[in-house]
Every structure is written in C-alpha cells, then in structure tokens.
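A.B. asks: Turn this into a model:
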Amino acid sequence: MKFETVMLHSLFAACLLACALALGSMIRAQPSGAPVAGAPAGVVASRA
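C.D. replies: As a prediction, the model looks like this:
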C-alpha cells in the first residue's frame, strides 16, 4: 500500500471516531436546568 493511502485511511478512521464520540456525547447529555427563553417561570419550575 502506498503511504498516502495509509494516511487517508487513518484520517478517515480518526474522523469517524471523533464524529461517533461527539454524537454519543450529545445523545447521552442530560438536559440542564436552565430556563427556556420565553417560558413562564411556573412552567420551567414544574418540569424539575
């Protein structure tokens, strides 16, 4: 195999891993307790 081909395969694998990790962290993220813009205070407090 050529050096360039190995480097491209390595770069593809690294990018795929980074995308999988970012997607996984977004899916597993817990919603924060920050209030939603425009929502009344009672609505946000009742969700907690």
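A.B. asks: pull the longest helix from this structure.
C.D. replies: Determined from DSSP state H, the single longest helix within the chain is helix 3-28.
A.B. asks: Quick one: mean pLDDT over that helix.
C.D. replies: Averaging pLDDT along helix 3-28 yields 97.
A.B. asks: Residue 22 and residue 29, how far apart?
C.D. replies: Taking CB to CB, to the nearest Å as the measure, residue 22 falls 11 Å from residue 29. Heads up, the C-betas are built off the backbone N, CA and C, glycines and all.
A.B. asks: and what of residue 20?
C.D. replies: Counting by CB to CB - residue 20 and residue 29 are separated by 15 Å.
A.B. asks: And for residue 10?
C.D. replies: 29 Å.
A.B. asks: Ok, residue 17 next?
C.D. replies: In this view, residue 17 and residue 29 are 19 Å apart by CB to CB.
A.B. asks: Please apply the same query to residue 18.
C.D. replies: Counting by CB to CB, the gap from residue 18 to residue 29 is 17 Å.
A.B. asks: got it, and residue 12?
C.D. replies: Distance, residue 12 to residue 29, by CB to CB: 26 Å.
A.B. asks: Could you give the number of residues near residue 29?
C.D. replies: Around residue 29 there are 8 other residues, counting by other CB atoms under 10 Å.
A.B. asks: Now do the SS call for residue 32.
C.D. replies: Three-state call for residue 32 (DSSP: H, G, I helix; E, B strand; the rest coil): coil.
A.B. asks: Near it, how many other residues are there?
C.D. replies: Using other CB under 10 Å, residue 32 is surrounded by 6 other residues.
A.B. asks: Also residue 31?
C.D. replies: For residue 31, the neighbour count with other CB under 10 Å is 6.
A.B. asks: what does residue 9 give?
C.D. replies: 11.
A.B. asks: How much space separates it from residue 31?
C.D. replies: Residue 9 sits 38 Å away from residue 31, going by CB to CB.
A.B. asks: do residue 22 as well
C.D. replies: 18 Å.
A.B. asks: Also residue 10?
C.D. replies: Distance, residue 10 to residue 31, by CB to CB: 36 Å.
A.B. asks: quick one, phi/psi of residue 2?
C.D. replies: Geometry field for residue 2 lists phi and psi as phi -70, psi 150, criterion degrees, to the nearest 10.
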